[in-house]
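Asker: got a sequence here, can you build the structure:
(one chain, ligands or ions: 1)
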Amino acid sequence: MSKLRDLFIRNLAQTSDAPIGLEIVRAEGVWLYTADGRRYLDFIAGIGVSALGHGHPAVLAAIERQMRRYLHVMVYGEYLIEPQVELAARLAGLLPAPLSRVYFTNSGAEAIEGALKAARKFTGRHALAAFEGAYHGDTLGALSLAGNPAWRKPFEPLLDSVRHLPFDDPGALDAIDSSLAAVVIEPVQAEGGVRIPAIGFMRELRSRCDRAGALLVFDEVLTGLGRTGRLFALEHFGVVPDMVVLAKALGGGLPLGAFVGSDEVIGTLSHDPPLGHITTFGGHPLSCAAGLAALEVITQEELSAHAVEKGAYLVEALRALAAPEIAEVRGIGLLVGLDFHSAEFAHRFVAETISRGVIVNWTLNADQVVRLAPPLAIVRREIDIAVAAMRDALLGTRGGASRV
Ligand SMILES: Cc1ncc(COP(=O)(O)O)c(C=O)c1O
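Answerer: Numbers count the residues shown, from 1 in each chain. Coordinates of the predicted model:
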């Protein structure tokens, strides 16, 4: 065992009994390079972060420029930090009105927490609704919204005022009443197994929230910034929520989250008391500079349109494998789910695929579903490599082929 691996096992907090354990020495484009001289196709884009792939020159140049100007200068919200202000203005210009005021955070979960606090303060209510299968992060408030009791249970009591409603079920919307501060939903559930709700459901959700005076919060941490084939997944439904939560790809590979709402909603956090919601590192200048550069590439190179085309190509290739173990291949842009009949088969398939040099993972709340979310900039040749590896991995999982 290498010294590094030994220290990894001894000193780093472990999140499971079976870490993938690749020793990454370099990452470039869609590829991760490991200490043993192998390369792996990053077919999950660092869990939805690396929309442009790794080491995009525009992002690196922006980081270098900002690094030489200044790093951290003062807690967020006090000084005029150019990349912060520019990124906020750019997001405001791209999101539909009235989503024009941005609060930056360090992560997705932290942005969810901020959105919950803003919703409670704005409405003067405390109850919340979320959906079965949902994943919004692992801080206590975000975890309270989690749609899988197995992840909540060890940490209870959590927030005691959360209703979990069946996802994509219009009948469940009767539970939205005037006691709710907010209803939080992923416009496409990712960890829930790549579940794409009906347009009618999302529109009905909007009108129920309007009637109840509850704020509608879209968690676009994974779906945002081109992943689903639109810059924001909300565009698929023609629904404008009261707040949008972003993270992952937002920082161009550096840590950054945000919740965005109207002047009135986000404005509640600035007074009574002032400084009632602050952060030391949220909206770090370096992260905002990287995020701004990444966003320019995403918009200028129309990577959402690219995601539509490459996603369709990927789904077609996977369906052509005609694997009897796969119940369904579904996708929206470059967020694709392989829904297996058995979770056990799906888990073995993930291991077999990784051993063939393609990184994929199963989803937290639907572990028979393997999620594919490669960098948006991926090209057909790289998709072909991944699909060939998955074809071999299917054979390997059945026990019919040796590793390539
Ligand atoms: C939809 C969604 N919301 C929130 C989060 C939490 O984000 P973070 O891990 O940055 O706290 C995630 C992370 O996977 C996510 O997928």
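Asker: CA only for contacts and neighbour counts going forward, please
Answerer: Will do.
Asker: next SSE after the helix or strand bottoming out on mean pLDDT in the chain?
Answerer: In the chain, the helix or strand scored least confidently by mean pLDDT, DSSP states H and E is strand 361-363, which has a mean of 91. Using DSSP states H and E, the helix or strand that follows strand 361-363 in sequence is strand 366-372.
Asker: and that following strand, anywhere near the ligand?
Answerer: No: counting by CA under 6 Å from any ligand atom, no contacts exist between strand 366-372 and the ligand, the nearest distance being 11.6 Å.
Asker: list the contacts for whatever residue of the stretch 301-404 of the chain ends up closest to the ligand?
Answerer: In the stretch 301-404 of the chain, the residue found nearest to the ligand is residue 364; the distance is 9.6 Å by CA to the nearest ligand atom. Under the criterion of CA atoms under 8 Å, 6 or more residues apart in numbering, the neighbours of residue 364 are 191-193.
Asker: is it possible to export these to JSON lines including distance to residue 320?
Answerer: Shown next, in JSON lines, are the contacts of residue 364 (distance: CA to CA, whole Å):
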{"residue": "191", "distance to residue 320": "25"}
{"residue": "192", "distance to residue 320": "25"}
{"residue": "193", "distance to residue 320": "21"}
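Asker: so which one among those has the lowest pLDDT?
Answerer: In terms of pLDDT, residue 191 ranks lowest among the contacts of residue 364, with 93.
Asker: that one contacts residue 361, correct?
Answerer: No: the criterion here is CA atoms under 8 Å, and residue 191 misses it with residue 361 at 10.2 Å.
Asker: overlap in contacts, these two.
Answerer: Counting by CA under 8 Å, 6+ apart, no residue touches both residue 191 and residue 361.
Asker: point out the residues in the stretch 1-150 of the chain that sit beside the ligand.
Answerer: 107-109, 135-137.
Asker: 5 Å instead, please
Answerer: By the rule CA under 5 Å from any ligand atom, the part of the stretch 1-150 of the chain lying against the ligand is 107-109, 136-137.
Asker: take the residues you listed and keep only those in strands.
Answerer: In strands, judged by DSSP state E, none of those are found.
Asker: between these, which sits nearest residue 77?
Answerer: Distances from residue 77 to those, taken as CA to CA, are shortest for residue 107 (16.8 Å).
Asker: the closest one: what's it in contact with?
Answerer: Residue 107 sits next to 247-248, 255-258 when contact means CA under 8 Å, 6+ apart.
Asker: for this protein, give me the ranges with low pLDDT.
Answerer: Counting by pLDDT under 70, the chain contains low-confidence residues at 400-404.
Asker: tell me the domain boundaries of it?
Answerer: For the chain, automatic domain parsing gives the domain ranges 3-55+303-398, 57-300.
Asker: drop anything exposed from the residues of the stretch 1-150 of the chain next to the ligand.
Answerer: By neighbour count, with 16 or more other CA atoms under 10 Å, these hold 107-109, 136-137 as buried.
Asker: pick out whichever of these sits closest to residue 13.
Answerer: The shortest approach to residue 13 among these belongs to residue 137, at 17.8 Å (CA to CA).
Asker: quick one, phi psi at residue 338?
Answerer: Torsion angles at residue 338 (phi, psi; degrees, to the nearest 10) stand at phi -100, psi 110.
Asker: heads up, I number from 552, so please use that
Answerer: Renumbered: residue one is now 552, and that last one reads residue 889.
Asker: please verify my assumption that it contacts residue 879.
Answerer: Yes: judged on CA under 8 Å, residue 889 makes contact with residue 879 at a distance of 6.3 Å.
Asker: so if I had to pick from those two, which one is more boxed in?
Answerer: Using other CA atoms under 10 Å as the criterion, residue 889 and residue 879 rank with residue 889 on top: 24 against 17.
Asker: how about that one, what does it touch?
Answerer: Residue 889 makes contact with 877-881, 920-923, according to CA under 8 Å, 6+ apart.
Asker: which of those tops the neighbour count?
Answerer: residue 920 (30 neighbours).
Asker: just list whatever residues bridge to that one.
Answerer: For residue 920, the beta-bridge partners are residue 890 (DSSP bridges).
Asker: and the strands in the stretch 852-955 of the chain?
Answerer: In the stretch 852-955 of the chain, the strands defined using DSSP state E, counting those that start in this stretch lie at 877-883, 886-891, 909-910, 912-914, 917-923.
Asker: strand partners (parallel or antiparallel) of the first one?
Answerer: Just to be clear, that refers to strand 877-883. According to DSSP bridges, strand 877-883 has the following sheet partners: strand 886-891 (antiparallel).
Asker: quick one: the strand it pairs with to strand 917-923, angle?
Answerer: Angle, strand 886-891 to strand 917-923, by axes from the mean of the first three to the mean of the last three CA atoms, to 10 degrees: 140 degrees.
Asker: the residue lying closest to residue 827 once chain neighbours are set aside - how many residues pack around it?
Answerer: Leaving aside its sequence neighbours, residue 827 sits nearest to residue 820 (CA to CA, 6 or more residues apart in numbering; 6.3 Å). By other CA under 10 Å, 21 other residues sit near residue 820.
Asker: what's around whatever residue of the stretch 802-951 of the chain ends up closest to the ligand, how many residues?
Answerer: At 7.0 Å from the ligand, residue 808 is the closest residue in the stretch 802-951 of the chain, using CA to the nearest ligand atom. Per other CA under 10 Å, the neighbour tally for residue 808 reads 28.
Asker: isn't it right up against residue 659?
Answerer: Yes: with contact defined as CA under 8 Å, residue 808 reaches residue 659; the gap is 5.2 Å.
Asker: which neighbours do those two share?
Answerer: Listed contacts common to residue 808 and residue 659 are 772, 796-799; contacts here mean CA under 8 Å, 6+ apart.
Asker: most neighbours among these, which one?
Answerer: Ranked by the number of neighbours (other CA under 10 Å), the shared contacts of residue 808 and residue 659 place residue 798 first, at 32 neighbours.
Asker: which SS state does the residue most central in space within the chain fall under?
Answerer: In the chain, the residue lying closest to the centroid (CA atoms, centre = their mean) is residue 773, at 2.0 Å. The assignment at residue 773 comes out as coil when based on DSSP: H, G, I helix; E, B strand; the rest coil.
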